[in-house]
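Participant: Whatever this is, show me its structure:
(one chain, ligands or ions: 1)
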Amino acid sequence: MTKRIVSIGECMIEMSGGEDRSYRLGYAGDTLNSAWYLRALLGQDWSVDYVTALGADRYSNDIRAFLDDNGIGTGHIQTIPNRRPGLYMIHQEKGDRHFTYWRDTSAAKLLADDKQALAKAVEGAELVYFSGITLAILAPRARGRLLGAIVKARDNGARIAFDTNLRPALWSSPRVMAGVLTAAASLCDIVLPTHTDEAPLFGDKSVDDTADRYLELGVEEVVVKDGSKEALIATAHERVRVAPPSGAKVVDATGAGDSFNGAYLSARLNGKSLREAAEAAHRTAGIVIGHKGALVDPKLVQG
Ligand SMILES: O=C(O)C(=O)C[C@H](O)[C@H](O)CO
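Facilitator: Predicted structure coming up:
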């Protein structure tokens with residue numbers, strides 16, 4: 001029987017490149033990016049569904065077709081007729097990627113408005129994945145509805161994976177961001193934060209501090225990414241440190257963490273150890289950062 005993964009969040013129109021003012025149009029968003037790499041790396045005994053809301057416009061229809069063509073389930077995507085997808089542009093500055101968003105009125109902001117649709121979307125899932133961006137785009141009551149559906153899925157046997165994915169620009173204040181992300185993480189089995197993003201907000205002095213903070217909440221497996229430095233995978237019984245392969249060429253770091261998560265989770269679902277999963281994750285992220293935009297041809301990461 002096919003096992004099910006559900007990833008919940010926002011897919012946007014992505015404009016990458018920008019040399020001579022020419023851009024490449026793609027579709028991306030952190031939770032979709034992870035779903036993309038999960039789809040690329042898992043066998044056909046797994047189905048990967050993307051849960052979001054889109055409009056009925058041509059770009060929304062293109063996104064649906066793009067997901068369908070690439071084997072990502074669209075059956076639980078809601079349609080909000082008077083809304084459109086959000087958009088973001090990537091620019092490179094001081095060795096890192098930066099995002100500018102047009103997403104304030106995107107359809108995805110309403111993805112948790114229909115409680116029943118949400119409950120149906122996560123039904124029977126083995127793994128539910130979401131992120132701090134998923135929570136950031138929602139109104140406070142919608143956040144509560146989403147977390148309610150996630151708790152219910154967990155009670156029914158799903159494992160819950162969460163990347164805190166800090167985006168201060170999407171939150172009303174750092175205090176609200178820290179409070180909501182901490183509360184959400186406490187409901188999860190696997191949390192995949194990025195140390196350098198979390199350190200200024202939570203005062204973590206090391207990757208171990210970041211891991212300890214989530215372990216203390218009761219999270220079973222904490223996967224702390226740290227850019228080009230070693231990742232730390234921590235459980236109550238084990239701490240594994242895995243360095244990325246050296247010599248990766250960075251063209252565009254967009255999607256590095258998301259592809260790491262997708263590869264890590266797919267390896268764990270395939271029964272790999274913490275170390276093997278982190279090695280596979282670094283390998284995949286190392287390929288993704290060599291290309292523009294968040295999503296690379298699945299064949300490039302399957303080898
Ligand atoms: O920043 C966001 O909201 C995005 O989802 C855009 C990018 O695809 C994502 O951040 C990359 O991690």
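
Participant: Please make it C-alpha for all contacts and neighbour counts, starting now.
Facilitator: Fine.

Participant: where does this protein have low pLDDT?
Facilitator: Along the chain, no part satisfies pLDDT under 70.

Participant: In it, what residue lies closest to the ligand?
Facilitator: Proximity of the chain to the ligand (C-alpha to the nearest ligand atom) peaks at G29, 3.2 Å away.

Participant: Leaving out chain neighbours, which residue sits closest to that residue?
Facilitator: In space, and not counting its chain neighbours, G29 is closest to C11: 4.5 Å by C-alpha to C-alpha, 6 or more residues apart in numbering.

Participant: same deal with N270?
Facilitator: Nearest residue to N270 in three dimensions, chain neighbours excluded: L42, at 7.9 Å (C-alpha to C-alpha, 6+ apart).

Participant: right, and that neighbour touches S266 too?
Facilitator: Yes. Using C-alpha atoms under 8 Å, L42 makes contact with S266 at a distance of 6.0 Å.

Participant: got the residues of the stretch 101-250 of the chain near the ligand?
Facilitator: Proximity of the stretch 101-250 of the chain to the ligand is confined to I133 under the rule C-alpha under 6 Å from any ligand atom.

Participant: could you measure T2 against L127, distance?
Facilitator: Distance of T2 to L127, computed by C-alpha to C-alpha, to the nearest Å: 13 Å.

Participant: These two: who's more crowded?
Facilitator: A count of neighbours by other C-alpha atoms under 10 Å puts L127 above the other of T2 and L127, at 22 against 9.

Participant: got a list of what the more buried one touches?
Facilitator: L127 is in contact with R4, I5, V6, A158, R159, I160, A161, counting by C-alpha atoms under 8 Å, 6 or more residues apart in numbering.

Participant: Show the backbone phi and psi for it.
Facilitator: phi -140, psi 130 (degrees, to the nearest 10).

Participant: That one pairs with what?
Facilitator: I5, R159 (DSSP bridges).

Participant: and the residue nearest to G29, what does it touch?
Facilitator: Listed by C-alpha under 8 Å, 6+ apart, the contact set of C11 reads Y27, A28, G29, D30, T31, L32, T52, P85, G86, A108.

Participant: let's go with 10 Å and repeat that
Facilitator: Contacts of C11 were listed using C-alpha atoms under 10 Å, 6 or more residues apart in numbering, and they are 27-33, 50-54, 60, 63, 85-87, 106-108.

Participant: again, but for A281
Facilitator: A281 neighbours (C-alpha under 10 Å, 6+ apart): 37, 231, 242, 244, 256-267, 275.

Participant: got it, and A40?
Facilitator: 34, 48, 70-72, 262-263, 266, 297-302.

Participant: Okay, the residue nearest to G29 and I190: tell me how far apart.
Facilitator: To I190, C11 is 22 Å away according to C-alpha to C-alpha.

Participant: now swap in Q92 and tell me
Facilitator: Going from Q92 to I190 by C-alpha to C-alpha gives 31 Å.

Participant: more neighbours, those two?
Facilitator: More crowded of Q92 and I190, by other C-alpha under 10 Å: I190, with 23 against 16.

Participant: Isn't the more buried one up against Y129?
Facilitator: Yes. Between I190 and Y129 there is a contact under C-alpha atoms under 10 Å: 9.4 Å.

Participant: shared neighbours of these two, anything?
Facilitator: Taking C-alpha under 10 Å, 6+ apart as the contact rule, I190 and Y129 both touch R159, I160, A161, F162, D163, L265.

Participant: Can you show me the strands along the stretch 151-300 of the chain?
Facilitator: 159-163, 190-191, 221-224, 231-234, 239-242 (DSSP state E, counting those that start in this stretch).
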